[in-house]
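Participant: Pasted the sequence and its predicted model underneath.
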Amino acid sequence: MRILTVFAHPTRSSYSGAMLDAFLTGLDDAGHEWELADLYREGFDPLFKPADYAQFTTGPADMPADVLAEQERIGRAQAIAFVFPVWWWSFPAMLKGWIDRVWCNGWAYDFTIDRSLGRLDLAKAALLCPGGSSADVYRRYGYHDAMRRCIDVGVLGYCGIDTVDMHVFPGVDDEAEARVEYLNIAAQVGRDFAKRHPIVDISSLSQIDRADGRS
Ligand SMILES: Cc1cc2nc3c(=O)[nH]c(=O)nc-3n(C[C@H](O)[C@H](O)[C@H](O)COP(=O)(O)O)c2cc1C
């Protein structure tokens, strides 16, 4: 498969960067092609500006050039992956802004008040998300499930991707053994990328009619 991997961390030599390297090595091992979107190093501007808001209200007639370039990059891919640290139980603002601006109304989805239609023709999304808090904290507050609802269903599923493989790796700031093991898992996620991981246990929350008639 041709996989666009989107990386959002201010420092390439971070632990998140090591996880990116492990994942890309796994993709290589399995013979996949990949392109890297390293949002910080490329200087993507995540600020949603009046021109972005105008296309949200009127349709994607005059998309800003930097947004068009990102959309072309997604158009070249058959699947997508994201590597980012969990910040406030979600994406870093850089990645949130990339989605706000690039996955726009009329391109990634068609909005209607009752039911929207997802338009992205991507076979799968994988997410690799190191987090500082412990597994116990994630369990106690249901953060993992909350992230899956918001991201797997509310963003990726909403835009038409119904095979999502999200991995949250808790405790990375102070669990040395886990940090090593997680890199092995990240490589394995890359090697297993072609396997299906449908959004099953939360599919009843699907918000969207699909282009192919499924819901
Ligand atoms: C602004 C900010 C917000 C954070 N919010 C969370 C959070 O909500 N949940 C969590 O588990 N860790 C949180 N963390 C910790 C990071 O997830 C953790 O430090 C990171 O994954 C470690 O990887 P790195 O060395 O590549 O940055 C936060 C860190 C920062 C800087």
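Facilitator: Ah, there it is.
Participant: hey, where'd the helices end up in this protein?
Facilitator: Shown for the chain, the helices assigned by DSSP state H span residues 15-29, 39-42, 50-58, 65-76, 93-102, 135-141, 143-147, 176-191.
Participant: so how far is the ligand from the closest residue to Val86 other than its chain neighbours?
Facilitator: For Val86, ignoring the flanking residues on the chain, the nearest one in space by C-beta to C-beta, 6 or more residues apart in numbering is Gly131 at 3.7 Å. Every C-beta, even on glycine, is put in place using the N, C-alpha and C of the backbone. As judged by C-beta to the nearest ligand atom, to the nearest Å, Gly131 and the ligand stand 3 Å apart.
Participant: same question, Arg101
Facilitator: Taken as C-beta to the nearest ligand atom, the span from Arg101 to the ligand is 21 Å.
Participant: Same check on Val189?
Facilitator: In this view, Val189 and the ligand are 16 Å apart by C-beta to the nearest ligand atom.
Participant: so where's the protein uncertain?
Facilitator: Applying pLDDT under 70 to the chain flags residues 60, 199-215.
Participant: what does it have sitting close to the ligand?
Facilitator: Contact residues of the chain with respect to the ligand, defined by C-beta under 6 Å from any ligand atom, are listed as 9, 14-16, 85-89, 130-133, 172-173.
Participant: From the residues you listed, keep the buried residues only.
Facilitator: Buried by 16 or more other C-beta atoms under 10 Å: His9, Tyr15, Ser16, Pro85, Val86, Trp87, Pro130, Gly131, Ser133, Val172, out of these.
Participant: What about those, which are in strands?
Facilitator: Those of these mapping onto strands are Pro130, per DSSP state E.
Participant: Report the two of the buried ones among the residues of the chain next to the ligand separated the most.
Facilitator: The most widely separated members of these are His9 and Ser133, with 17.4 Å between them, by C-beta to C-beta.
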